[in-house]
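Visitor: Predicted model follows, preceded by the sequence.
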Amino acid sequence: MTSRAATALLGGRKARRIMAGLGADAPADIEAAYRAQHEMAEMLGAVPPAGFKIGATGRQMQAYLGMTTPAAGFIEAVNILQSPATLRYADFVAPGCEPEVALRLARDIAPGRITRADAAAAVGEVFAGIEIVENRFQDFRETGAPTLIADQFFHAAVVCGAPAQGWREADLGAIRGRVSVDGALRGEGVGADLLGHPVEALVWLAGSPIATLFGGLKARQVVFLGSVTPPAWLDGPCRVTAEFDVLGKVDIHFG
């Protein structure tokens, strides 16, 4: 039976309203949160999903959200876009953008513990990305991690850049990423901010509760490994650019 949390969260999105929280319907703990998220995916016909996003992998993001561990969410195929993307600002609820290191898997990864070398060997492509997030709660710091996780941890959509050349020879921990809004720098960070190295985020995902619930990670899925900066929250129509050393650039125009 579908939980009231999953039903309430999808109802809030359909109504495009900012929620105070889930009250008595809120998942009691992290395990219940991921179960509710999986139920949402089933309701949306997104099992297996087209990919996953990981949040709070960076030191800046953990400090911003008041968390000490990462969190993850599924990605629907309809919400995977290519750069340059032109979108309507009005189609999003209190949106923000995050510059992310992202990848596409070349082979399946079974749920459970995995080495960094094995995780890297499963990667087919690496590219720059932007995750579009939504602040769907009146005060996300008061909402609590279980509800945020059940709600796909702020996820709205992702925009993918072109596959990078020579990424296996590059030091992904040393690459610098930055996000700009209408040409003004809004934040920057490095790959090492993501659990010490971007591939460590993939290692974490393989061993996470969400990987177990979805039966592991699958070839051709995209994985957004986390933002190197806090979200750049948007006030209205604008142009957002994320750029990474080695990986290239991603552009979104919000009209």
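Guide: Here it is on my side, so go on. Numbers count the residues shown, from 1 in each chain.
Visitor: can you map out the strands along this protein?
Guide: 51-55, 71-75, 80-82, 85-87, 95-105, 123-134, 155-160, 176-181, 184-190, 222-227, 232-233, 238-244, 248-254 (DSSP state E).
Visitor: Do I have it right that Gly236 meets Phe92?
Guide: No: assessed by C-beta atoms under 8 Å, Gly236 is found out of contact with Phe92, at 11.1 Å. Yep, even glycine has a C-beta here, placed from its N, CA and C like the rest.
Visitor: Can you pick out the residue with more neighbours from these two?
Guide: Phe92 (18 against 7; other C-beta atoms under 10 Å).
Visitor: how close does the more buried one sit to Ala24?
Guide: Distance of Phe92 to Ala24, given as C-beta to C-beta, to the nearest Å: 29 Å.
Visitor: Also Gly58?
Guide: Taken as C-beta to C-beta, the span from Gly58 to Ala24 is 33 Å.
Visitor: residues in contact with the closest residue to Arg59 other than its chain neighbours?
Guide: Leaving out its chain neighbours, the residue that sits closest to Arg59 by C-beta to C-beta, 6 or more residues apart in numbering is Asp193, at 5.5 Å. By C-beta atoms under 8 Å, 6 or more residues apart in numbering, the residues touching Asp193 are Thr57, Gly58, Arg59, Gln60, Val228.
Visitor: out of the residues you listed, who's nearest Glu200?
Guide: Closest approach to Glu200 among the contacts of Asp193 (C-beta to C-beta): Thr57, at 8.2 Å.
Visitor: next one: the top helix by length along the chain to chain centre, how far?
Guide: Criterion DSSP state H: the longest helix present in the chain is helix 30-43. In terms of C-alpha atoms, centre = their mean, to the nearest Å, the centre of helix 30-43 is found 16 Å from the chain centre.
Visitor: Tally up the residues packed near Ala46, please.
Guide: Using other C-beta under 10 Å: Ala46 sits among 18 other residues.
Visitor: Name the residues of the worst-scoring helix or strand of the chain on mean pLDDT that are buried.
Guide: Least confident helix or strand of the chain, by mean pLDDT, DSSP states H and E, is helix 59-65 with a mean of 74. For helix 59-65, burial by neighbour count (16 or more other C-beta atoms under 10 Å) applies to Gln60, Met61, Gln62, Leu65.
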